[in-house]
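>>> Following is a predicted model, sequence given first.
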Amino acid sequence: MIQLAKNFQKMDSLQKLIVSLDKSSDSIYLSLTKPIVSTSSDFNYQDILHAKRKFDDQYQDIIISSNFPNDLPIDSIQNHLIIGFGQKIHPIYKIQKFHNGIDIQAEKGTPVKATLSGQVEIAKESQSGHGKHVILKSNDNVKVIFAHLDSIYVKTGEYVNKGDIIGKVGNTGLSIKNHLHYEILINNEPVNPIFATFNRFSEADLRLIFTQNGMTFD
(Lines give C-alpha, C1' and ligand atoms only; values in the text may rest on other atoms or scores of the structure.)
Protein backbone atom coordinates (compact mmCIF):
# COMPACT_ATOMS: atom_id res chain seq x y z
CA MET A 1 0.00 0.00 0.00
CA ILE A 2 2.84 2.36 0.83
CA GLN A 3 4.49 1.70 -2.53
CA LEU A 4 1.17 2.21 -4.32
CA ALA A 5 0.69 5.56 -2.63
CA LYS A 6 4.21 6.63 -3.66
CA ASN A 7 3.46 5.64 -7.26
CA PHE A 8 0.28 7.78 -7.24
CA GLN A 9 2.30 10.74 -5.87
CA LYS A 10 4.86 10.34 -8.66
CA MET A 11 2.08 10.20 -11.28
CA ASP A 12 0.48 13.32 -9.83
CA SER A 13 3.79 15.21 -9.86
CA LEU A 14 4.41 14.15 -13.46
CA GLN A 15 0.95 15.34 -14.52
CA LYS A 16 1.54 18.74 -12.89
CA LEU A 17 4.87 19.04 -14.71
CA ILE A 18 3.24 18.26 -18.07
CA VAL A 19 0.50 20.85 -17.46
CA SER A 20 3.15 23.39 -16.43
CA LEU A 21 5.18 22.78 -19.59
CA ASP A 22 2.04 23.11 -21.75
CA LYS A 23 1.24 26.46 -20.11
CA SER A 24 4.85 27.62 -20.56
CA SER A 25 4.72 26.76 -24.27
CA ASP A 26 1.51 28.78 -24.68
CA SER A 27 3.04 31.68 -22.74
CA ILE A 28 6.22 31.63 -24.83
CA TYR A 29 4.09 31.83 -27.99
CA LEU A 30 2.07 34.72 -26.60
CA SER A 31 5.25 36.53 -25.50
CA LEU A 32 6.69 36.42 -28.99
CA THR A 33 3.47 37.37 -30.75
CA LYS A 34 1.89 39.77 -28.26
CA PRO A 35 4.58 41.50 -26.20
CA ILE A 36 3.34 43.62 -23.32
CA VAL A 37 4.55 47.20 -23.59
CA SER A 38 3.22 49.80 -21.22
CA THR A 39 3.84 53.49 -20.88
CA SER A 40 3.23 55.69 -17.87
CA SER A 41 3.27 59.41 -17.26
CA ASP A 42 3.85 58.79 -13.56
CA PHE A 43 7.43 60.07 -13.49
CA ASN A 44 8.85 62.57 -11.05
CA TYR A 45 12.50 63.46 -11.61
CA GLN A 46 12.86 64.83 -8.09
CA ASP A 47 11.74 61.48 -6.68
CA ILE A 48 14.44 59.77 -8.75
CA LEU A 49 17.07 62.22 -7.49
CA HIS A 50 15.93 61.58 -3.91
CA ALA A 51 16.25 57.81 -4.41
CA LYS A 52 19.71 58.32 -5.92
CA ARG A 53 20.81 60.35 -2.86
CA LYS A 54 19.58 57.57 -0.57
CA PHE A 55 21.57 55.08 -2.65
CA ASP A 56 24.71 57.23 -2.33
CA ASP A 57 24.27 57.61 1.43
CA GLN A 58 23.69 53.92 2.00
CA TYR A 59 26.69 52.76 -0.02
CA GLN A 60 29.00 55.76 0.38
CA ASP A 61 31.94 53.65 1.58
CA ILE A 62 31.70 51.37 -1.46
CA ILE A 63 30.88 53.68 -4.36
CA ILE A 64 33.97 55.82 -3.77
CA SER A 65 36.13 52.88 -4.86
CA SER A 66 37.69 53.14 -8.32
CA ASN A 67 36.59 49.53 -8.76
CA PHE A 68 32.90 50.26 -8.23
CA PRO A 69 30.83 49.23 -11.31
CA ASN A 70 29.92 52.78 -12.37
CA ASP A 71 29.78 52.05 -16.11
CA LEU A 72 27.49 49.90 -18.23
CA PRO A 73 28.79 46.62 -19.70
CA ILE A 74 27.87 47.48 -23.31
CA ASP A 75 29.10 50.47 -25.30
CA SER A 76 26.87 52.65 -27.48
CA ILE A 77 23.63 51.79 -25.71
CA GLN A 78 20.39 53.38 -26.87
CA ASN A 79 18.73 54.20 -23.56
CA HIS A 80 15.21 53.49 -24.79
CA LEU A 81 16.28 49.85 -25.11
CA ILE A 82 16.98 49.49 -21.38
CA ILE A 83 14.29 47.87 -19.26
CA GLY A 84 14.66 48.84 -15.65
CA PHE A 85 14.88 47.41 -12.15
CA GLY A 86 11.85 46.62 -10.00
CA GLN A 87 8.35 45.19 -10.46
CA LYS A 88 7.89 44.08 -14.06
CA ILE A 89 5.79 41.62 -16.04
CA HIS A 90 7.62 38.35 -16.72
CA PRO A 91 7.51 37.63 -20.48
CA ILE A 92 6.92 33.88 -20.09
CA TYR A 93 4.65 33.59 -17.06
CA LYS A 94 2.77 36.88 -17.60
CA ILE A 95 2.84 37.72 -13.90
CA GLN A 96 4.48 40.58 -12.03
CA LYS A 97 7.85 39.66 -10.60
CA PHE A 98 10.66 41.68 -9.11
CA HIS A 99 13.33 42.25 -11.76
CA ASN A 100 16.68 42.19 -9.95
CA GLY A 101 18.64 43.91 -12.70
CA ILE A 102 18.23 45.68 -16.02
CA ASP A 103 17.75 44.25 -19.50
CA ILE A 104 19.84 45.85 -22.23
CA GLN A 105 18.65 45.03 -25.73
CA ALA A 106 21.54 44.48 -28.14
CA GLU A 107 22.38 42.46 -31.22
CA LYS A 108 23.65 38.92 -30.83
CA GLY A 109 27.45 38.93 -30.58
CA THR A 110 27.75 42.41 -29.06
CA PRO A 111 30.82 42.43 -26.75
CA VAL A 112 30.14 42.52 -23.01
CA LYS A 113 32.79 44.06 -20.78
CA ALA A 114 33.59 43.50 -17.11
CA THR A 115 32.36 46.43 -15.02
CA LEU A 116 34.72 45.70 -12.14
CA SER A 117 38.06 43.97 -11.56
CA GLY A 118 37.73 40.74 -9.68
CA GLN A 119 37.51 36.99 -9.66
CA VAL A 120 35.14 34.98 -11.82
CA GLU A 121 32.91 33.29 -9.26
CA ILE A 122 30.78 31.51 -11.86
CA ALA A 123 31.11 31.04 -15.61
CA LYS A 124 28.76 28.36 -16.86
CA GLU A 125 25.82 27.42 -19.05
CA SER A 126 22.33 26.56 -17.85
CA GLN A 127 19.49 25.34 -20.06
CA SER A 128 17.06 27.56 -18.17
CA GLY A 129 17.25 30.62 -15.92
CA HIS A 130 20.27 32.76 -16.75
CA GLY A 131 21.47 30.54 -19.58
CA LYS A 132 25.14 31.16 -20.26
CA HIS A 133 26.18 33.55 -17.50
CA VAL A 134 29.13 35.02 -15.64
CA ILE A 135 29.34 36.31 -12.06
CA LEU A 136 32.28 38.49 -11.03
CA LYS A 137 33.08 39.46 -7.45
CA SER A 138 35.37 42.14 -6.06
CA ASN A 139 37.00 42.48 -2.66
CA ASP A 140 34.40 45.10 -1.68
CA ASN A 141 31.46 42.70 -1.28
CA VAL A 142 30.27 43.69 -4.74
CA LYS A 143 29.17 41.22 -7.44
CA VAL A 144 27.99 41.71 -11.00
CA ILE A 145 25.99 39.23 -13.07
CA PHE A 146 25.94 39.02 -16.87
CA ALA A 147 23.23 36.64 -18.14
CA HIS A 148 21.83 35.11 -21.36
CA LEU A 149 25.21 35.31 -23.08
CA ASP A 150 25.84 33.72 -26.48
CA SER A 151 29.46 32.96 -25.59
CA ILE A 152 31.70 33.17 -22.52
CA TYR A 153 35.38 34.13 -22.69
CA VAL A 154 36.39 33.59 -19.06
CA LYS A 155 36.64 30.64 -16.68
CA THR A 156 35.63 30.14 -13.07
CA GLY A 157 38.44 31.23 -10.74
CA GLU A 158 40.07 33.49 -13.30
CA TYR A 159 40.89 37.12 -12.45
CA VAL A 160 39.67 39.77 -14.88
CA ASN A 161 40.25 43.49 -15.10
CA LYS A 162 37.62 46.17 -15.42
CA GLY A 163 36.97 46.68 -19.12
CA ASP A 164 37.98 43.17 -20.22
CA ILE A 165 35.58 41.47 -22.64
CA ILE A 166 34.03 38.55 -20.77
CA GLY A 167 31.53 37.34 -23.38
CA LYS A 168 29.01 38.29 -26.03
CA VAL A 169 25.30 39.09 -25.98
CA GLY A 170 22.91 36.23 -26.72
CA ASN A 171 19.52 34.73 -26.06
CA THR A 172 20.26 31.65 -23.94
CA GLY A 173 18.28 30.35 -20.98
CA LEU A 174 14.84 31.70 -20.09
CA SER A 175 14.92 34.62 -22.51
CA ILE A 176 12.73 35.76 -25.40
CA LYS A 177 15.20 37.86 -27.42
CA ASN A 178 18.84 38.90 -27.69
CA HIS A 179 19.78 41.05 -24.73
CA LEU A 180 22.02 41.27 -21.67
CA HIS A 181 20.53 40.86 -18.23
CA TYR A 182 22.82 42.78 -15.88
CA GLU A 183 22.75 42.83 -12.09
CA ILE A 184 24.76 44.50 -9.32
CA LEU A 185 24.73 43.02 -5.83
CA ILE A 186 26.16 44.71 -2.74
CA ASN A 187 26.50 42.43 0.28
CA ASN A 188 24.50 39.89 -1.79
CA GLU A 189 21.54 42.27 -2.13
CA PRO A 190 20.52 43.43 -5.63
CA VAL A 191 20.69 47.19 -6.21
CA ASN A 192 19.48 49.27 -9.14
CA PRO A 193 22.27 49.42 -11.77
CA ILE A 194 20.82 52.71 -13.03
CA PHE A 195 21.80 54.40 -9.75
CA ALA A 196 25.32 52.96 -10.02
CA THR A 197 25.70 54.45 -13.53
CA PHE A 198 23.50 57.50 -12.96
CA ASN A 199 25.79 60.15 -14.45
CA ARG A 200 25.53 58.75 -17.98
CA PHE A 201 21.78 59.41 -18.15
CA SER A 202 19.85 62.59 -18.84
CA GLU A 203 16.43 63.32 -17.35
CA ALA A 204 14.88 62.28 -20.68
CA ASP A 205 16.83 59.00 -20.62
CA LEU A 206 15.61 58.24 -17.11
CA ARG A 207 12.01 58.95 -18.07
CA LEU A 208 12.27 56.33 -20.82
CA ILE A 209 13.89 53.75 -18.56
CA PHE A 210 11.54 54.21 -15.61
CA THR A 211 8.27 54.48 -17.54
CA GLN A 212 8.46 52.95 -20.99
CA ASN A 213 8.42 49.16 -20.76
CA GLY A 214 6.39 47.02 -18.41
CA MET A 215 7.71 43.62 -19.58
CA THR A 216 11.23 42.26 -19.32
CA PHE A 217 13.06 40.02 -21.81
CA ASP A 218 13.77 37.28 -19.24
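Happy to help now that I have it.
>>> correct me, but Ser65 touches Asp140?
Yes - assessed by Cβ atoms under 8 Å, Ser65 is found in contact with Asp140 at 5.6 Å. In short, each C-beta sits where N, CA and C put it, glycine included.
>>> So for the two, which residue has more residues nearby?
More crowded of Ser65 and Asp140, by other Cβ atoms under 10 Å: Asp140, with 17 against 14.
>>> Tell me if I'm right that the more buried one and Ser66 touch.
No - with contact defined as Cβ under 8 Å, Asp140 and Ser66 do not form a contacting pair (10.5 Å).
>>> Show the contacting residues for the closest residue to Gly163 other than its chain neighbours.
Leaving out its chain neighbours, the residue that sits closest to Gly163 by Cβ to Cβ, 6 or more residues apart in numbering is Lys113, at 5.5 Å. Shown in contact with Lys113 (Cβ atoms under 8 Å, 6 or more residues apart in numbering): Pro73, Ile74, Asp75, Gly163, Asp164, Ile165, Ile166.
>>> quick one: Lys113 and Asn199, what's the gap?
As for Lys113, its distance to Asn199 is 18 Å (criterion: Cβ to Cβ, to the nearest Å).
>>> of the contacts of Lys113, buried ones?
Neighbour counting with 16 or more other Cβ atoms under 10 Å marks Pro73, Ile74, Ile166 as buried within the contacts of Lys113.
>>> Show me how far stretch 142-160 is from its chain's centre.
13 Å (Cα atoms, centre = their mean, to the nearest Å).
>>> how long is it from one end to the other?
14 Å (Cα to Cα, to the nearest Å).
>>> Run a quick neighbour tally on Lys155.
Lys155 has 11 nearby residues by other Cβ under 10 Å.
>>> so what's the closest residue to it other than its chain neighbours up against?
Leaving aside its sequence neighbours, Lys155 sits nearest to Ala123 (Cβ to Cβ, 6+ apart; 5.6 Å). Going by Cβ under 8 Å, 6+ apart, Ala123 touches His133, Val134, Ile135, Ile152, Val154, Lys155, Thr156, Glu158.
>>> what do you get for Gly101?
Phe85, Ile145, Ala147, His181, Tyr182, Glu183, Ile184, Pro190, Pro193.
>>> If we use 10 Å, what do you get?
83-85, 144-147, 180-185, 190-193, 216, 218 (Cβ atoms under 10 Å, 6 or more residues apart in numbering).
>>> Keep only those of those residues that are in strands.
Cross-referencing the contacts of Gly101 against strands under DSSP state E gives 83, 144-147, 180-185, 190-191.
>>> Turn these into a markdown table, including pLDDT, neighbour count and distance to Ser117.
A markdown table is the format used below for those (pLDDT from 0 to 100; neighbours: other Cβ atoms under 10 Å; distance: Cβ to Cβ, whole Å):
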| residue | pLDDT | neighbour count | distance to Ser117 |
| --- | --- | --- | --- |
| Ile83 | 93 | 23 | 27 |
| Val144 | 98 | 24 | 11 |
| Ile145 | 98 | 19 | 16 |
| Phe146 | 98 | 28 | 15 |
| Ala147 | 98 | 26 | 20 |
| Leu180 | 97 | 27 | 19 |
| His181 | 97 | 25 | 21 |
| Tyr182 | 98 | 25 | 17 |
| Glu183 | 98 | 21 | 18 |
| Ile184 | 98 | 26 | 15 |
| Leu185 | 98 | 17 | 16 |
| Pro190 | 97 | 16 | 21 |
| Val191 | 97 | 21 | 19 |
